[in-house]
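Trainee: Okay, here's the prediction I keep looking at, along with the sequence it came from:
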Amino acid sequence: NAGVTQTPKFRVLKTGQSMTLLCAQDMNHEYMYWYRQDPGMGLRLIHYSVGEGTTAKGEVPDGYNVSRLKKQNFLLGLESAAPSQTSVYFCASSFPTRDRGWQANEKLFFGSGTQLSVL
Amino acid sequence: DAKTTQPPSMDCAEGRAANLPCNHSTISGNEYVYWYRQIHSQGPQYIIHGLKNNETNEMASLIITEDRKSSTLILPHATLRDTAVYYCIVRFSTSGTYKYIFGTGTRLKVLA
C-alpha cells in the first residue's frame, strides 16, 4: 500500500513549455486534490475531483487543467508554463468509496510533493 | 467559506505543552475543524479533527470552544521532532462536496 504517489519529484521547465504531473493513489479514495505551496506560504487549492470523470476549480485554477479519467489517478497539466507557476505541488486524496458507506476516516492523505521550477 | 486565523509563529520548550490557537469565527454548524502539520517540505500530516466536542488521540488534543469560534491544539509534551508548521483548517461543503482550504499556519519551534 503506497498511499499517494506523485511523479515526477523534480522538474525544470522553460517558459512556454507544457507538462503533466501525475498523482496516483491506491486507497480507493473518491476525492483527490491538487495544491500548490509557494515559499513561506500555506497550501492553496488549485483543482479537485469528487470522483472519476469529475473535476472542479479551487482557489487558484488559472493556468492549470486537470483530468480524472481513472479513479486512482489525478493529472495536473500546465499547457504553457510561466515563472509564476514555480512552486511545490502537492496531491492529496480523501474519503472511502460510497460502496462501503461513509466512514469516520475523512482525513487527507498527501503525496511527498513535486518541486517545479519554471525559468 | 469559513476561514481560519492563526499566529504566524510560536516557541515552546521541550517537554512542555504546546498550545496552538486558531480562530474560525465564521464557522457554520456542519463544518469540522482539522489540524495538520508540515515538517520541512514534506506533505502535510493529519493530526486530529473535531466538530464540537473535545477530541484526543495519540498525537494531540483538540479543544473547541462552546460557540465553536475558536479552537486550541495541544501537544502535551512537545519534542524537537514536533517543530513544524501547524495548519488549522475548516472543512466546508459546497453542494455536497468537501474542500479543505489551508491558511498560512503557525510555525512552531520547540526549543531544547
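Mentor: On my side now, so go ahead.

Trainee: any weak-confidence spans in chain B?
Mentor: Applying pLDDT under 70 to chain B flags residues B:1-2, B:92-98.

Trainee: same question but for chain A, I mixed them up
Mentor: The low-confidence ranges in chain A, as defined by pLDDT under 70, are A:1, A:96-105.

Trainee: Can you pull up the residues of it that come close to chain B?
Mentor: Within reach of chain B by C-beta under 8 Å from any C-beta of the partner chain, chain A has these residues: A:4, A:31, A:33, A:35, A:41-45, A:48, A:50, A:56, A:58-59, A:88, A:90, A:92, A:94-95, A:106-113. C-betas here are computed from N, CA, C, even on glycine.

Trainee: For the residue nearest to residue A:58 when sequence neighbours are not counted, name its beta-bridge partners.
Mentor: Distances taken as C-beta to C-beta, 6 or more residues apart in numbering or on different chains put residue A:45 closest to residue A:58, at 3.2 Å, once the chain neighbours are dropped. Using DSSP bridges, the bridge partners assigned to residue A:45 are residue A:35.

Trainee: Please list the members of the residues of chain A next to chain B that lie in helices.
Mentor: Within the residues of chain A next to chain B, no residue falls in helices by DSSP state H.

Trainee: Just the buried subset of these, please.
Mentor: By neighbour count, with 16 or more other C-beta atoms under 10 Å in any protein chain shown, the residues of chain A next to chain B hold A:4, A:31, A:33, A:35, A:42-45, A:48, A:50, A:58, A:88, A:90, A:92, A:94-95, A:106-111, A:113 as buried.

Trainee: before we move on, back to that, looking at the residues of chain A next to chain B, which are in strands?
Mentor: A:4, A:31, A:33, A:35, A:43-45, A:48, A:50, A:56, A:88, A:90, A:92, A:94, A:109-110 (DSSP state E).

Trainee: pull the longest strand from chain B.
Mentor: From DSSP E, the single longest strand across chain B is strand B:84-94.

Trainee: Which elements pack onto that one?
Mentor: Contacts defined by 3 or more C-beta pairs under 8 Å, 6 or more residues apart in numbering or on different chains; DSSP states H and E place strand B:84-94 against strand B:18-23, strand B:32-38, strand B:70-75, strand B:97-101, strand B:106-111.

Trainee: If you check chain B against chain A, which residue is the closest one?
Mentor: Proximity to chain A, evaluated over chain B using C-beta to the nearest C-beta, is greatest for residue B:43 at 3.1 Å.

Trainee: Please name the residues that touch that residue.
Mentor: Residues counted as contacts of residue B:43 (C-beta atoms under 8 Å, 6 or more residues apart in numbering or on different chains) are A:4, A:90, A:92, A:110-113.

Trainee: Using a markdown table, please lay out those residues together with distance to residue B:110.
Mentor: Shown next, in a markdown table, are these (distance: C-beta to C-beta, whole Å):
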| residue | distance to residue B:110 |
| --- | --- |
| A:4 | 27 |
| A:90 | 24 |
| A:92 | 26 |
| A:110 | 22 |
| A:111 | 26 |
| A:112 | 23 |
| A:113 | 23 |
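
Trainee: Appreciated, that's everything.
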